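Novice: fold the following, please.
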Amino acid sequence: MLSQPIQSTFTLPGGQEVIIETGKLARQADGAVTIRQGNCIILATVVASKEPREGQDWFPLTVDYNEKFASAGRIPGSFFKREGRLNDYEILISRLIDRALRPLFPEDYFCDVQVLVTLISSDAEVMPDSLACLAASAALAVSDIPIKEIISEVRVARVDGEMVINPTRTQASKADMDFIIGATEKNLMMVEGESEECSEEDLVNALQLAHDAIRVQIKAQQELRDKLGVTQKRDYAKAEVNEELKQKVIEFCKDRLYQVASGGTAKTERSDAFKLIKDELLLSLPEDTTDVHLKLAKKYYDDLQWEVVRNMMLDDRKRLDGRKLDEVRALSMEADVLPSPHGSALFTRGETQSLTTVTLGTPLDELLVESAATSVYSNFILHYNFPPFSTGEVKPMRGPGRREVGHGNLAMRSLKQMMPGKDYPYTVRIVSDILESNGSSSMATVCAGSLALMDAGVPLPKHVSGVAMGLITRASDNKYAILTDILGDEDHLGDMDFKVTGTRDGICGVQMDIKVDGLSMDVMREALGQARTGRLHILDAMYIAVEVARPEVKEHAPRMEKLIIDKEFIGAVIGPGGKVIQEIQKETGTTINIEEVGNFGEVSIFSTNKESVEKAVKWVKGIVAVPQIGDVYEARVKSIQPYGAFVEFLPKKEGLLHISEISWKRLETMEGIFNEGDVVKVKLVGLDPKTGKFKLSRKALMPKPEHQTRSQE
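Specialist: Numbers count the residues shown, from 1 in each chain. Predicted coordinates:
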């Protein structure tokens with residue numbers, strides 16, 4: 001007989017109840033829970049191997065978030081009609097969970113851990129990403145897998161000036177601040193989000209509010225764990241400790257490591273020097289040293305390097321490349337570096353370099369972004385590429401990894417805040433190729449992207465820049481050092497990676513991962529203030545390079561004209577089966593997009609050739625124009641009859657130019673007057689009330705002969 005499931009509940013500040021349940025689904029997993037809010041149900045499972053793989057010396061955590069299309073009553077649109085590899089949206093949520101969970105595990109725990117989080121029932125208004133990490137943490141909490149603490153994540157958004165925890169999808173669409181925050185009961189662990197130029201204090205307030213809500217969710221998980229009776233976590237094999245070997249590593253390497261670390265050398269030279277010390281250490285060991293002790297020696301060396309560099313920064317206020325703690329590396333930037341792309345920029349900060357291009361497309365180039373509950377088109381796309389040569393490595397070239405997706409998303413969300421509104425007709429694609437990397441290539445992408453957008457003539461009102469901050473702490477004496485524009489090594493050795501983007505007027509994007517306990521809000525404020533100073537320094541240089549956006553797109557970029565027509569004319573422009581619009585595009589070499597907006601139609605016409613756009617505009621205007629008596633038109637002769645010529649004066653609108661209206665002189669015959677295809681100016685002089693036919697005149701545009709004028713008088 002199945003045991004009864006166990007539940008724990010809590011209520012969100014907005015009044016919605018959230019139910020955590022275990023014991024009903026996936027009972028063979030080490031831990032399994034469902035989280036329910038409204039009709040949204042998420043299943044999270046966690047399984048860990050009992051023993052680490054032989055020789056394993058790093059923590060193999062795998063986190064996958066997946067949305068079943070059946071959860072929203074939909075069938076996948078792929079050829080196979082089934083869910084495939086994770087899409088970018090799912091990868092981003094997987095990263096949010098991973099970044100918050102990873103610091104929870106003991107440093108000497110190397111067993112494989114797999115966390116699978118699946119949306120099994122969707123709610124149109126409940127955003128599952130704000131519940132996904134809660135589900136993952138709860139699954140770990142009810143398992144016997146060793147973790148140090150329980151965590152949770154919430155979304156906090158500012159809607160109409162009010163902070164809202166886990167807003168509905170409708171509320172979030174109107175938010176000017178949108179952040180997801182992960183934390184333990186005491187400490188912040190992860191922050192990710194965007195805002196429309198919020199202040200540093202606004203962000204701190206959002207973090208405090210989110211942390212209060214997270215504590216409620218952690219308490220609910222603890223209650224569930226207590227009800228289940230989980231009191232002890234499984235034991236695991238601890239790494240061997242050899243104090244004698246550790247002391248030898250310290251004596252052989254410590255002073256030499258400090259000498260290299262404090263030398264202020266470049267990345268390659270410094271890496272080679274560190275490697276030389278490590279190689280000499282291993283050679284100095286006795287010949288009969290076992291493989292296990294060799295591995296221990298390498299570990300002790302890495303630990304010592306970590307400690308020496310950190311202490312140097314804390315005690316001597318020195319950095320690996322010789323900079324001050326708040327100093328940004330040398331900057332170099334140039335726009336319009338490539339002749340063929342619609343916009344381009346090269347941004348270099350120290351040993352990090354991004355070559356970024358902008359391509360302007362039509363609405364037909366929009367990107368379809370699908371999740372189980374939504375299917376929307378985006379006209380702003382950013383792709384980030386990190387080839388192995390950027391760090392002097394040889395690796396296989398495959399599709400973008402999770403890191404590339406995450407870095408690109410941060411840059412995209414930051415630049416999106418300054419993009420023109422929905423009326424902007426172009427689809428914009430940014431591609432950042434990292435050519436060199438030593439710290440925060442995502443922030444280089446933001447800066448290069450802003451420069452390239454302005455070079456392309458995209459009307460950005462302000463530049464957006466970004467800077468990566470680091471933090472080194474020492475609990476024994478409460479010392480800390482905040483680092484501006486961190487190097488790759490400083491990221492690895494530090495306790496915080498804090499990326500902040502924005503304009504001169506506020507923050508546009510944040511991504512933060514914290515690896516240390518006890519980060520106070522005062523230190524957070526100080527880090528944000530130092531980040532603002534660094535951001536403004538970079539912005540000053542960007543405005544010198546490109547002060548404002550080009551007034552118009554480049555000559556080889558698509559030209560665009562937009563026409564607003566009455567709704568009743570949309571069908572006429574498209575034609576039966578698309579015949580008319582296809583003819584216009586073929587004859588003019590343009591791309592035309594028509595959208596129905598309320599009682600009107602928006603006709604967007606694109607081409608790299610200005611004359612082609614003008615020709616298509618004239619054609620469309622002719623279709624939708626209502627002939628007005630007294631107006632003058634350029635008409636084309638379609639056929640000639642003994643009594644006159646039939647002419648087309650507007651697309652699909654013909655009238656008779658009677659022989660008597662061709663000239664003030666009396667014409668006896670039409671012979672030799674016109675040829676089919678001739679263009680002639682005519683005036684619309686009337687409309688036959690019985691037949692509805694248009695009456696046209698050519699002579700009305702000609703001066704009347706004097707003798708006719710006198711005879712009339």
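
Novice: only C-alpha atoms from now on, for both contacts and neighbour counts.
Specialist: Will do.

Novice: what about the strands in the stretch 551-700 of the chain?
Specialist: Along the stretch 551-700 of the chain, the segments classed as strands by DSSP state E, counting those that start in this stretch run 559-566, 591-597, 600-607, 632-641, 644-650, 653-658, 679-687, 694-697.

Novice: direction included, what does the fourth one pair up with?
Specialist: I take that to be strand 632-641. Applying DSSP bridges, strand 632-641 is found paired with strand 644-650 (antiparallel), strand 679-687 (antiparallel).

Novice: where does the prediction get shaky in the stretch 551-700 of the chain?
Specialist: 689-691 (pLDDT under 70).

Novice: mind putting the strands of the stretch 551-700 of the chain in a markdown table, distance to Glu280 included?
Specialist: Rendered in a markdown table, the data for the strands of the stretch 551-700 of the chain read as follows (distance: least, C-alpha to C-alpha, whole Å):
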| stretch | distance to Glu280 |
| --- | --- |
| strand 559-566 | 64 |
| strand 591-597 | 66 |
| strand 600-607 | 65 |
| strand 632-641 | 89 |
| strand 644-650 | 87 |
| strand 653-658 | 90 |
| strand 679-687 | 90 |
| strand 694-697 | 98 |
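
Novice: how about those strands, which one is nearest Leu96?
Specialist: strand 591-597 (36.6 Å; C-alpha to C-alpha).

Novice: partner strands of the closest one, parallel or antiparallel?
Specialist: When sheet partners are counted by DSSP bridges, strand 591-597 sits next to strand 600-607 (antiparallel).

Novice: OK, contacts around Trp306?
Specialist: Leu493 (C-alpha atoms under 8 Å, 6 or more residues apart in numbering).

Novice: no no, Asn166
Specialist: So Asn166 contacts Leu12, Met127, Ser130, Val154, Arg155, Val156, Ala157 (C-alpha under 8 Å, 6+ apart).

Novice: ok, back up a step: got JSON lines for the strands paired with strand 632-641, with mean neighbour count and distance to Asn593 too?
Specialist: Compiled in JSON lines, these are given as follows (neighbours: other C-alpha atoms under 10 Å; distance: least, C-alpha to C-alpha, whole Å):
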{"stretch": "strand 644-650", "mean neighbour count": "22", "distance to Asn593": "22"}
{"stretch": "strand 679-687", "mean neighbour count": "18", "distance to Asn593": "30"}
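
Novice: point out where the chain drops to low pLDDT.
Specialist: 1-3, 518, 689-691, 706-713.

Novice: wait, what's in contact with the closest residue to Tyr109 other than its chain neighbours?
Specialist: Nearest residue to Tyr109, sequence neighbours excluded (C-alpha to C-alpha, 6 or more residues apart in numbering): Phe59, at 6.6 Å. Residues in contact with Phe59 (C-alpha under 8 Å, 6+ apart) are Tyr109, Phe110, Cys111, Asp112.

Novice: apply 10 Å and report the result again.
Specialist: Pro52, Arg102, Phe105, Pro106, Glu107, Asp108, Tyr109, Phe110, Cys111, Asp112, Val113 (C-alpha atoms under 10 Å, 6 or more residues apart in numbering).

Novice: and which of those residues is nearest Gly439?
Specialist: Using C-alpha to C-alpha, Arg102 comes nearest to Gly439 of those, at 21.2 Å.

Novice: touching, Ala700 and Asp631? I think so.
Specialist: No. Ala700 is beyond contact range of Asp631, at 11.3 Å (criterion: C-alpha atoms under 10 Å).
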